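Trainee: just the structure for this:
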Amino acid sequence: MKILFDTSALIAFANKEKPAKKIKEIVQAVEKGKINGIISGITLTEIIYIVGRKSEQKAFNIIAFVEESRLEIIGCTKDLFVAAGHIKMKYKEKNLSIADCIIIATAVNEKADEVLSLDRGWQGIKEIKLAEI
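Mentor: Okay, here's the model as predicted:
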């Protein structure tokens, strides 16, 4: 099984928010090699921006966790950018950010079985399956 971790899931995990227990179980399964965990490279940018506004140190701690984990960081390619543009156009009524579209396109291109996200604005996107958390 392959799961893509959205930025929101990693931040919730780091902040020990309500769904952190379930996310921790999935992270542990990734660390044991039972699940393939991936993130989009743009998630690193979002972590620096979102978390770093309050605490650069916390942002760098999350980045260090990702780098030391078994999460695979997926880089952007021309095809990925084009796919993200198509998602942005297809779901224009959802007002998805470009970063969200890149993350969703990464899940699609990498054939992720599920996406771990707290972003409920992603419900109804047919190309992905949101994990239950």
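Trainee: for the residue nearest to Ser117 when sequence neighbours are not counted, list the residues it contacts.
Mentor: With sequence-adjacent residues excluded and distances taken as CB to CB, 6 or more residues apart in numbering, Ser117 is closest to Asp6, at 3.5 Å. All C-beta atoms are positioned from the backbone trio N, CA, C, and that covers glycine. Contacts for Asp6 (CB atoms under 8 Å, 6 or more residues apart in numbering) come out as Thr43, Ile103, Val115, Leu116, Ser117, Leu118, Asp119, Trp122.
Trainee: so which elements touch the helix or strand encompassing the third one?
Mentor: Put plainly, it is Val115. According to DSSP states H and E, Val115 maps onto strand 114-116. Applying 3 or more CB pairs under 8 Å, 6 or more residues apart in numbering; DSSP states H and E, we find strand 114-116 packed against strand 2-5, helix 98-109.
Trainee: who wins for proximity to Ala83 among these?
Mentor: helix 98-109 (3.9 Å; CB to CB).
Trainee: with that, I have no additional questions.
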